[in-house]
Every structure is written in structure tokens, then in C-alpha cells.
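> Below are the sequence and a predicted model for it; my questions follow.
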Amino acid sequence: MIKLRIDVDYPYPSRLRGLIYTALQVKIGHDYLKNSKILARMINDSPKEVKAYWFFTLKTIPDEELLRILDDEKHEVALHVVNNPYEEMELLEKTTKRRIRYYTIHGTSRLLGRIIWKRLTTKAPVIPQNFSLQSFHKVPTFVLDSYCHTNSTSKAVEVAKDSIAQGKVLEVHPDWLFLRGTINHRGPYYEVLRRILNVDEEFEGLVRRKKLFVRIARSAWEYEKDFLPTETFVERLREIGVDIFTFIERKWHHTFSHPQKSWIKADDNVAILKVTNYDEWWKSIGKKTRNMVRKADKMGVSTDIVTPDFKLAEGIWKIYNETPIRQGRAFWYYGVTLETVKRLILSTRNSAFIGSYVEDELAGFIRLIHGDNIAIISQIMSLQKQWNKAINNALLAKAIEVCANQQVKWLMYGRMGNHPSLDRFKQNNGFNRLSLTRYYIPLTKKGKIATKLGLHRDLKDALPELIKPTLISIYNWISRTKAKSKLQSQS
């Protein structure tokens with residue numbers, strides 16, 4: 001059985017509004033206990049055996065809507081003591097009409113919290129020895145939202161499942177379901193809990209990011225398969241706090257005959273190659289590019305499909321950590337641990353790896369993601385010390401050969417327009433810019449405001465083409481400078 005301890009400290013998804021309500025009892029908005037209702041719905045939808053213990057404070061008394069969701073089979077209402085155990089227990093029992101059996105203590109050591117909760121003289125309330133409720137503090141717990149603050153989703157899922165197997169209770173706070181704290185050091189755990197409870201499968205691969213005051217979501221697999229959002233899907237996105245959902249029209253494979261008027265259009269593109277057979281591609285590229293592929297072969301570079309194992313992970317880890325600067329800017333993967341790379345390599349889905357070797361050393365690799373009649377170059381990277389051997393040209397040639405042999409019709413290599421030298425490399429190898437449409441669906445008032453202000457689009461795509469090269473050069477310089485300063489401070 002999966003057991004959850006849910007400490008409902010604050011009533012609103014917004015941390016600020018939660019603090020205001022707790023201090024002044026002023027309701028702001030219509031999303032009272034929204035995250036708690038999302039959690040309750042997830043628990044009810046789970047096909048697994050789940051028991052949730054809800055610890056409410058006197059400032060987070062459940063309303064009628066939440067009480068209807070908290071059935072007695074999977075949920076139990078309990079008390080989160082703030083100041084006066086008996087008064088708060090009576091209030092909770094009276095308003096919920098539920099029998100209370102357990103309690104926990106709401107702790108706060110910070111001055112602001114103690115002022116808000118009117119607890120100036122003590123950090124914690126005193127519980128009478130003859131108090132009728134049982135303490136839940138003796139139950140072994142694993143604080144999931146704290147672990148999610150600094151650890152990856154896959155690692156958190158793994159550790160949480162181990163904790164469940166050991167009989168531990170997963171402890172969470174609804175206000176951190178989607179938020180990441182700075183002072184509190186708690187992180188978003190929705191994706192972790194979704195996987196553990198085996199619910200919301202339609203959100204598998206959903207990527208969310210916050211831009212200013214809005215949350216924008218997209219599918220990580222939007223280039224791999226066609227997707228048309230339904231009304232149910234959109235409503236569920238709205239429920240979990242997404243303001244804008246964006247997706248592309250995979251023009252090379254499928255077009256929307258009747259896009260909805262509420263969808264906002266924007267220009268986008270991909271670098272794409274139509275694959276027929278290897279010989280035809282070879283004839284279509286220039287003499288210089290063909291010579292680069294031949295050069296790699298003459299210099300002893302062997303390239304082929306490789307098995308994703310620990311040896312490959314170690315080779316990729318060495319490439320990641322060779323230099324902090326790549327393509328003129330700070331390299332995001334520099335400093336990553338070997339354990340992290342192993343986990344990434346071994347957990348990849350629908351992927352194939354192509355490796356180039358020089359004297360048994362991995363000199364470069366391509367990760368290909370296979371989608372619906374398309375392969376996508378997720379990464380292509382090589383050791384800088386081996387760049388004179390044209391490793392990337394050899395990798396790309398092998399990728400095209402693999403696609404041709406497997407009858408994959410299209411090969412995609414990112415986008416075009418934001419990196420001149422990389423764009424030239426793509427063009428030299430037969431890739432062309434394919435213009436397509438990206439759609440944005442505003443789901444909330446904030447989403448509608450953001451789209452009207454043009455905030456939904458990336459800044460690099462909104463820049464005029466005339467000034468883009470100059471600004472990209474400035475950005476790269478700033479990125480390099482920051483990376484070098486960080487390394488100097490660590491040394």
C-alpha cells in the first residue's frame with residue numbers, strides 16, 4: 001500500500017496569497033485548496049492501493065468540494081496542530097463531521113511564520129500528555145517534496161518507491177506540488193507522484209516552464225508524433241495550473257484541416273532532410289563535405305551503432321566534461337556526474353546511439369530519437385581534441401545510412417536561424433529549413449494577457465533578423481564569461 005501524509009499548511013497554490021490569507025483571513029481568488037483537490041483527485045484515480053492522511057490546520061479547513069472528494073476509503077482527515085490542540089480538534093471535527101484520530105504539529109522556526117501563526121513565545125505548541133489523538137510523528141516518513149528540490153524526477157521516483165517498499169509514508173505539502181522553494185528548500189513533486197500513483201497518463205512527457213508570470217507547457221515528444229489537443233486534455237492542463245499550452249503542426253507528415261480560431265499561430269521551423277537512400281544523399285552534398293567524411297575514415301575513425309551501456313555512458317561523460325565552452329557559449333552539461341550520465345543513457349526511450357571511436361576511445365556520438373516515420377538528432381557531440389578528424393561528419397553520414405537502411409523517411413536536426421555556423425554545417429550536409437506553424441492555446445486569464453503582450457514566444461524568435469547575429473554574439477560572450485568566472489571561483 002502507498003501511504004501519504006499530506007500537511008496542508010497553506011490554502012492557495014500561490015505562496016504569497018497563502019501567507020496573506022493565513023495572516024489576515026482575506027480570500028484572494030477562487031482556488032482555495034486547489035492543489036489539495038488535485039492531489040485528492042489523483043489519489044482517487046490511482047489504480048493502486050492508496051491511503052492518504054490529511055493534516056489540516058485551523059486556516060486550511062476543507063470546504064464542501066474537497067470533503068466530497070475525500071471519501072473514507074482512501075482518505076482520512078487529521079489535525080495539524082498550530083497552537084491549541086483541543087480547540088482546533090473540536091473545530092475540525094465540527095466543520096468536517098469526521099472523526100479525528102491522528103495529529104501532527106505544525107512547526108515553524110522563522111520569525112515571519114511565528115508572527116503569521118501567532119506563535120511568538122514558542123516554536124511549537126505544547127501537546128497535553130492525555131491528548132486524545134495519536135501522534136503521527138512516530139510513523140517513519142520520507143519527505144518527498146524536500147527530496148525533489150535538488151534531485152531529478154527519475155531519481156526521486158526510484159527513492160520514493162524504495163521508501164514505500166520499506167513501509168515508509170510519503171510526506172508532502174500541497175503548496176509545493178508545482179512550485180520550487182528557495183528558503184524552504186522544497187521542490188515540485190507532481191510528476192514524481194503522478195508516476196508513483198500511475199495516473200494522468202496523458203501528461204506523460206509534459207514539459208513545463210515558468211516565464212515571468214505564466215506557466216507554459218508543451219509535449220517533449222511534439223516532433224515525434226502528431227498531437228491534437230482535446231477539450232478534456234486542455235481542461236486538465238488548466239486544472240494543474242498551466243496558463244499556455246504550445247504544440248507544433250508536423251507539416252512534413254500531417255496538417256490540421258480546421259485549426260480552432262482560439263489557437264494563436266506563430267512561425268517556427270526545423271532543419272530536416274528527406275531520406276531516400278544513402279547514395280542519393282552522397283551525390284547531393286558538396287565535394288568538401290564528402291571529403292570530410294572520407295577524411296574521418298582515412299584517419300582511423302570507426303563509426304557504428306553502439307549499445308547504451310556503462311561503457312558508452314563513461315565515454316559520453318568524458319566528452320561532456322572535456323571543456324566548459326562549446327559553440328562559443330557555456331556548455332550546459334559540463335560538470336555533470338558519471339552517475340547522472342549513466343542514468344540518462346540507460347533510461348532513454350525510443351533511442352539509438354551511434355558512436356565514433358579512435359583507438360577504442362569514444363571520440364563522438366549521436367543520439368537518435370525514433371518517432372513516427374522520423375528520426376531526430378537529439379545530440380551530436382565529439383571530443384575537441386579529435387576535431388581535426390571530422391568526427392561529426394562521420395557521425396552524420398552514419399546516421400543517414402542508418403535511417404536509409406531502416407526506411408525512416410525524415411531526419412530532423414533541430415532548428416535553423418539562431419546559430420550561423422551550425423546552420424551552415426546542417427546545410428552542407430543536405431538539411432533544409434522547413435517552415436511550420438506553432439500553435440499557442442491560452443488557458444487562463446494570465447495566459448490570454450501574456451499572448452496579447454507577445455510574452456509567449458521566445459525572445460530569440462521575436463528578434464529582428466538584422467540584429468540577431470550581433471545579439472547572439474553578445475549573449476555568447478556573457479555566457480562564456482559567466483562560465484569562466486564560476487570555474488575561477490571554484491578553483
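Nice, I can see it. Numbers count the residues shown, from 1 in each chain.
> so what's the residue nearest the centre of the chain up against?
Among the residues of the chain, the one closest to the centroid is residue 207, at 4.7 Å (CA atoms, centre = their mean). Listed by CB atoms under 8 Å, 6 or more residues apart in numbering, the contact set of residue 207 reads 217-220. Every residue, glycine included, has its C-beta placed from N, CA and C.
> Out of these, which end up buried?
217-219 (16 or more other CB atoms under 10 Å).
> Restricted to strands, list those residues.
Among those, the members found in strands (DSSP state E) are 217-219.
> Residue ranges in the stretch 51-200 of the chain under the pLDDT threshold?
The stretch 51-200 of the chain contains residues with pLDDT under 70 at 109, 111, 120-121.
> which residues in it form strands?
For the stretch 51-200 of the chain, the strands defined by DSSP state E, counting those that start in this stretch cover 75-81, 102-105, 134-135, 141-143, 169-172.
> Quick one: these as TSV, columns for distance to residue 54 and mean neighbour count too.
Listed next are the strands of the stretch 51-200 of the chain as TSV, based on distance: least, CB to CB, whole Å; neighbours: other CB atoms under 10 Å:
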stretch	distance to residue 54	mean neighbour count
strand 75-81	5	23
strand 102-105	10	20
strand 134-135	15	13
strand 141-143	15	18
strand 169-172	11	24
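> Put together TSV for those, with distance to residue 430 on each row.
TSV is the format used below for the strands of the stretch 51-200 of the chain (distance: least, CB to CB, whole Å):
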stretch	distance to residue 430
strand 75-81	59
strand 102-105	63
strand 134-135	69
strand 141-143	52
strand 169-172	50
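> For residue 21, which of these is the nearest?
When the strands of the stretch 51-200 of the chain are compared by CB to CB, strand 75-81 sits nearest residue 21, at 15.5 Å.
> Remind me what that closest one packs against, helices and strands.
strand 50-56, helix 85-96, strand 102-105 (3 or more CB pairs under 8 Å, 6 or more residues apart in numbering; DSSP states H and E).
> so that strand versus strand 50-56, what angle?
Orientation check (axes from the mean of the first three to the mean of the last three CA atoms, to 10 degrees): strand 75-81 against strand 50-56 gives 30 degrees.
> Give the partner strands of strand 75-81 in its sheet and their orientations.
Within its sheet, and counting by DSSP bridges, strand 75-81 is paired with strand 50-56 (parallel), strand 102-105 (parallel).
> Nearest approach to residue 173 belongs to which of these?
Taking the strands paired with strand 75-81 one by one with CB to CB, strand 50-56 is closest: 9.8 Å.
> which parts of the closest one are buried?
Those would be 50, 52-56, for strand 50-56 by 16+ other CB under 10 Å.
> Redo the strands paired with strand 75-81 as a markdown table? Include distance to residue 67.
Supplementary listing: the strands paired with strand 75-81 in a markdown table, determined by distance: least, CB to CB, whole Å:
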| stretch | distance to residue 67 |
| --- | --- |
| strand 50-56 | 10 |
| strand 102-105 | 17 |
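> of those, which approaches residue 249 most closely?
strand 50-56 (39.2 Å).
> So what's the gap between the closest one and the chain middle?
26 Å (CA atoms, centre = their mean, to the nearest Å).
> Next, the angle helix 85-96 makes with that strand.
120 degrees.
> ok, back up a step: quick check: the gap between the residue nearest to the centre of the chain and residue 217.
7 Å (CB to CB, to the nearest Å).
> how deep is the closest residue to residue 199 other than its chain neighbours tucked in, by neighbour count?
Closest residue in space to residue 199, ignoring its immediate chain neighbours: residue 45 at 4.6 Å, by CB to CB, 6 or more residues apart in numbering. Neighbour count of residue 45, defined by other CB atoms under 10 Å: 12.
> pretty sure residue 45 contacts residue 201?
No. Counting by CB atoms under 8 Å, residue 45 does not reach residue 201; the two are 10.1 Å apart.
> Can you give me the domain boundaries for this structure?
2-199, 271-433 (automatic domain parsing).
> Tabulate those in TSV, adding columns for distance to residue 229.
Supplementary listing: the domains of the chain in TSV, determined by distance: least, CB to CB, whole Å:
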stretch	distance to residue 229
domain 2-199	18
domain 271-433	17
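> Among the ones you listed, which comes closest to residue 241?
Of the domains of the chain, the one closest to residue 241 (CB to CB) turns out to be domain 2-199, at 5.5 Å.
> So residue 240 sits against residue 178, correct?
Yes. Contact criterion CB under 8 Å: residue 240 and residue 178 qualify, at 7.1 Å.
> Find residues that contact each of those two.
Joint contacts of residue 240 and residue 178 (CB under 8 Å, 6+ apart) are residue 190.
> that older thread, ok, of the contacts of residue 207, which one's closest to residue 445?
residue 217 (16.6 Å).
> mind listing the strands for the stretch 201-350 of the chain?
With DSSP E, counting those that start in this stretch as the criterion, the stretch 201-350 of the chain has strands spanning 206-211, 214-219, 244-248, 264-274, 302-306, 325-326, 329-330.
> To residue 294, which of those lies closest?
strand 302-306 (12.7 Å).
> For residue 365, give its distance to residue 288.
24 Å.
> same deal with residue 141?
63 Å.
> Now residue 355, what are its backbone angles?
Recorded main-chain torsions at residue 355 are phi -120, psi 140, according to degrees, to the nearest 10.
> I meant residue 368, not that one.
According to degrees, to the nearest 10, residue 368 has phi -100, psi 130.
> my guess is it contacts residue 378, does it?
Yes. Between residue 368 and residue 378 a contact is recorded at 7.1 Å, counting by CB under 8 Å.
> Which one's more surrounded, these two?
residue 368 (23 against 15).
> bridging residues for that one?
residue 352, residue 377.
> Kindly report the same for residue 382.
With DSSP bridges as the rule, residue 382 is bridged to residue 364.
> ok, it touching residue 319?
Yes. Assessed by CB under 8 Å, residue 382 is found in contact with residue 319 at 6.9 Å.
> residues shared between the contacts of these two?
By CB under 8 Å, 6+ apart, the residues touching both residue 382 and residue 319 are 364-365.
> Neighbour count: the two, which is higher?
residue 382 (24 against 21).
> And the more buried one, how close does it get to residue 398?
13 Å.
> Need the residues touching each of these two.
Going by CB under 8 Å, 6+ apart, residues that sit against residue 382 and also against residue 398 are residue 356.
> Assess the claim that residue 253 and residue 412 are in contact.
No. If you go by CB under 8 Å, residue 253 and residue 412 don't touch, sitting 10.9 Å apart.
> Now do the shared contacts for the two.
With CB under 8 Å, 6+ apart as the test, residue 253 and residue 412 both reach residue 374.
> circling back: quickly list what the residue nearest to the centre of the chain is bridged to.
residue 218.
> Give me the pLDDT value at it.
At residue 207, the pLDDT value in this model is 90.
> ok, now the one 3 residues further on?
Turning to residue 210, the model gives it a pLDDT of 87.
> Appreciated, that's everything.
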